[in-house]
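Chemist: sequence and predicted structure are below.
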Amino acid sequence: MAPKKKKKGSGGGKKKSKKLDKMTEEERILFLEQQLLEEEEARKKKEDMLSKFLSDKLSKEERHSRFNANKVANQWRALMREVKTVDLKKDIQILSQTFERVVDRKENVVKSLVKDLDEAEEQYSVALRAHLNNIDRLIDLQRSRIGTLHYEFQGELYILKKEFDTEKDRISQQHTMEVDDLLDIMFNMEHSYNEREMEAKAEFQSLKDEIKNKNLEEKHALRVQLEACVEEYWRQFQQALNNYNETTEHRKKNFEELKGKDEKSAKEIEMQMRKLQRIQEQISTLRAKQAQNSKESETRNHKVKEDKDVISLYYKDLKTHMANIRDRERSKLTKITMESGSCLKILRAKKDKGEQILRLLEMCRKLETEEEKVLPFFASTLTEDEAHDVAEAEKEPVIEPLAEVLDDYKGMETFWARYNKVQLDSLALKKEESILKDENQRLRSMLKQYLDGISVNDEILSQFNPLFVVNQKTNVPLPPISVVDGRVARIPQTVIEAAHVVKYNSSSGILRS
C-alpha cells in the first residue's frame with residue numbers, strides 16, 4: 001500500500017510541477033497560497049475529528065467506570081447487608097430474650113397489682129357501706145334540722161304577719177278617725193262661716209233700710225221747703241208775669257211755651273239727679289260694706305288657710321310615715337321571700353349533690369377490690385405518743401368557731417382516710433404508667449433504628465444510618481446493650497466499602513503519577 005501511495009504522490013507532484021511551469025509567477029503564488037489553505041483546513045479537520053473521537057472515548061470510559069463502580073458498590077453493600085443481617089439477628093435474639101424476661105416480670109407485677117386491687121375493692125365495699133350509713137345518718141340529721149328551721153321560719157312569718165296586720169288595722173283606724181275629725185272641723189268651719197255670712201247680710205239689709213228711710217225723710221223735708229219756695233216764687237212770678245203779660249203779650253206766649261219745656265227738662269234733671277245721688281249713696285255704702293267684708297273675709301280666709309296648711313302638713317307627715325312603714329314591711333317581706341328562695345335553691349343543690357355522691361358511691365362499689373372490701377381502712381402510721389397527743393387534743397374544749405364546725409364532721413374521718421388511700425394508689429399507678437410509657441418509647445426507638453438500619457432509601461440515607469461505619473464507629477448514638485452471657489458476646493469487625501477502596505487506590509495512583 002505504501003509504494004502505491006508514493007507513486008501517486010510522485011505522479012501528482014510531476015503534474016503539479018508541470019502546472020507550475022505553465023503558470024505565471026502571480027498564478028503560481030496564488031496557487032501555492034490556495035494549496036496551503038487547503039492543507040491547513042484538512043489538518044484542522046483531522047485535529048477536530050481526533051479530539052471529538054478522544055472526547056467520545058473518554059466519556060464512554062467514564063460512563064463504564066461509573067457503572068462498574070456502582071456495580072461494585074451494590075455488590076459490596078449486599079455483602080455488608082448479609083453480614084449486618086446476621087449480626088442484627090443475633091442482637092434481636094438477645095433483645096427478645098431480655099424483653100421476654102422483662103415481660104414476665106411485668107406480668108408478675110401486674111398479677112400482684114390485680115390481687116392488691118381485688119383486696120382493695122373488698123375493703124372499699126366495706127367502707128362504702130359504712131360511709132353510706134354515715135351519709136344516711138347525716139341526711140336524716142340535715143332533714144330534721146331543715147324541719148326545725150322551717151318550723152321556726154313559719155312561726156316568725158306568722159308573728160310578722162300578725163304584727164303587720166295589727167299595725168295596719170291600727171293605722172287604718174287612726175286614719176279614719178283623723179279623717180272624721182277633719183270632716184267635723186270642716187263642717188264646723190263651714191257652719192260658722194254661713195252663720196257669719198247670714199249675720200252680715202242681715203246687718204247690711206237693716207243698714208240699707210235705715211239709710212233709705214233717712215233719705216225719704218230728708219227728701220220729704222226738702223220737698224216741703226221747696227214747695228214753699230216754689231209757691232212764693234210762683235206768686236212773685238205771677239205778679240211779674242201779669243206785669244210782663246201786660247207789657248208783652250206776645251212774649252208771654254213764647255215764655256209759656258218755653259216754660260213748659262223748662263218744666264219738663266227740670267223734672268227730668270231732678271229725676272236724673274235723684275237717681276245719680278241714690279246710686280252714689282248705694283255705691284259708697286256698698287264699698288264700705290265690701291271693704292269691711294273683705295277685711296273680715298281676709299282674716300277668716302287667712303285663719304282657714306293656716307288651719308288648712310297645718311292639717312295638710314299633718315296629713316303629709318302621716319302619709320309619708322305610712323309609706324315608710326309600708327316600704328319597710330315590703331322590703332322585709334321581699335327579703336324573707338328572697339332568703340327563702342335562696343334557701344330552697346341551696347337545699348336543692350345539696351340534694352342533687354347528695355344524689356350525685358350516692359351514684360358515685362354505687363359506681364365505686366362495683367370497682368372495689370377484694371382487699372378493699374375486707375380491709376377498707378389502712379393501719380394508722382402514728383406512734384403511741386402521737387396517738388395519745390391526738391386523743392388529749394380532742395378532749396380539750398373547743399373555742400374557735402372553725403374547730404366547732406370541724407367537730408361536727410368527725411364522722412367523715414374514715415371517709416377522708418379511704419379517700420387519701422385511693423389518691424395515693426392512683427398516684428402510684430400514674431407513676432408506674434409513666435415509667436412503662438418511657439420504657440415502651442425507648443424500645444420503640446430502638447426498633448425504629450433497627451428497621452432504619454435494614455432498609456435503604458433516600459430518606460434513611462439523608463439521616464443517621466448505622467450502615468455508615470468509619471473507624472469501627474457509626475454516626476448513630478446506639479444505647480448500650482447489656483449482654484449477660486459471655487458466649488454470645490459479639491467481636492467487633494472492621495468493614496470498609498469497596499467504593500472507598502477503589503477511590504482511595506485511584507487517588508493514590510494519580511498522586512504517585
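Modeler: Right, received. Where do you want to start? In this text the structure is predicted, and so the values were computed from the model without any measurement.

Chemist: quick one, helices of the stretch 1-150 of the chain?
Modeler: 2-22, 25-247 (DSSP state H, counting those that start in this stretch).

Chemist: pLDDT at Y158, what is it?
Modeler: Y158 carries a pLDDT score of 90 in this model.

Chemist: got it, and K437?
Modeler: Taking K437 on its own, its pLDDT is 92.

Chemist: the strand or helix carrying it packs against which elements?
Modeler: Assigned by DSSP states H and E, K437 belongs to helix 413-454. Here helix 413-454 touches helix 25-247, going by 3 or more C-beta pairs under 8 Å, 6 or more residues apart in numbering; DSSP states H and E. Backbone N, C-alpha and C define where each C-beta goes, glycine included.

Chemist: taking helix 413-454 as reference, get the angle to the helix it packs on.
Modeler: 150 degrees (axes from the mean of the first three to the mean of the last three C-alpha atoms, to 10 degrees).

Chemist: which helices and strands sit right next to the helix or strand following helix 25-247?
Modeler: Next helix or strand after helix 25-247 toward the C-terminus (DSSP H and E): helix 249-366. With contacts taken as 3+ C-beta pairs under 8 Å, 6+ apart, helix 249-366 sits against helix 25-247.

Chemist: deepest of the helices of the stretch 1-150 of the chain, which one?
Modeler: helix 25-247 (a mean of 12; mean count of other C-beta atoms under 10 Å).

Chemist: that one packs against which elements?
Modeler: In terms of contacts (3+ C-beta pairs under 8 Å, 6+ apart), helix 25-247 is packed against helix 2-22, helix 249-366, helix 370-374, helix 413-454, helix 498-512.

Chemist: most tightly surrounded among these?
Modeler: Taking mean count of other C-beta under 10 Å, helix 370-374 is the most buried of the helices and strands packed on helix 25-247, at a mean of 20.

Chemist: which element follows that helix toward the C-terminus?
Modeler: helix 384-395.

Chemist: mean confidence for that next one?
Modeler: For helix 384-395, the per-residue pLDDT averages 74.

Chemist: please apply the same query to stretch 38-50.
Modeler: Stretch 38-50 comes out with an average pLDDT of 87.

Chemist: over to stretch 257-273?
Modeler: The pLDDT scores in stretch 257-273 average 82.

Chemist: do the same with stretch 113-123
Modeler: For stretch 113-123, mean pLDDT rounds to 86.

Chemist: circling back: worst average pLDDT in the helices of the stretch 1-150 of the chain?
Modeler: Confidence, taken as mean pLDDT, is least for helix 2-22 of the helices of the stretch 1-150 of the chain (a mean of 51).

Chemist: redo the helices of the stretch 1-150 of the chain as a markdown table? Include distance to D327.
Modeler: Formatted as a markdown table, the helices of the stretch 1-150 of the chain follow (distance: least, C-beta to C-beta, whole Å):
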| stretch | distance to D327 |
| --- | --- |
| helix 2-22 | 145 |
| helix 25-247 | 13 |
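
Chemist: go through those and name the closest to F415.
Modeler: Closest approach to F415 among the helices of the stretch 1-150 of the chain is made by helix 25-247 (5.2 Å; C-beta to C-beta).

Chemist: tilt between the closest one and helix 249-366?
Modeler: Angle, helix 25-247 to helix 249-366, by the same axes, to 10 degrees: 140 degrees.

Chemist: now helix 25-247, how far from the centre of its chain.
Modeler: Centroid separation between helix 25-247 and its chain, computed with C-alpha atoms, centre = their mean, to the nearest Å, is 7 Å.

Chemist: got a list of what L358 touches?
Modeler: Neighbouring residues of L358 by C-beta atoms under 8 Å, 6 or more residues apart in numbering: L132, I135.

Chemist: got a pLDDT number for it?
Modeler: pLDDT for L358: 85.

Chemist: for K219, give its distance to L361.
Modeler: K219 sits 126 Å away from L361, going by C-beta to C-beta, to the nearest Å.

Chemist: to clarify, my last question referred to H175.
Modeler: Remark: distance between H175 and L361 (C-beta to C-beta) = 63 Å.

Chemist: from memory R418 sits against V126, does it?
Modeler: No - the pair R418 / V126 is not scored as a contact, 9.8 Å apart, by C-beta atoms under 8 Å.

Chemist: still on that earlier bit, to G260, which of the helices of the stretch 1-150 of the chain lies closest?
Modeler: Among the helices of the stretch 1-150 of the chain, the nearest to G260 by C-beta to C-beta is helix 25-247 (13.8 Å).

Chemist: so which residue of the chain lies furthest out from the middle?
Modeler: Here the chain reaches farthest from its C-alpha mean at E246, the gap being 133.8 Å by C-alpha atoms, centre = their mean.

Chemist: residues contacting it?
Modeler: Here E246 is in contact with no residue (C-beta under 8 Å, 6+ apart).

Chemist: ditto for L132
Modeler: Contact partners of L132, counting by C-beta under 8 Å, 6+ apart, are L358, L361.

Chemist: in the stretch 251-400 of the chain, where is pLDDT below threshold?
Modeler: Across the stretch 251-400 of the chain, the ranges flagged by pLDDT under 70 are 251-252, 373-382, 397-400.

Chemist: try 80
Modeler: Counting by pLDDT under 80, the stretch 251-400 of the chain contains low-confidence residues at 251-256, 364-365, 367-400.
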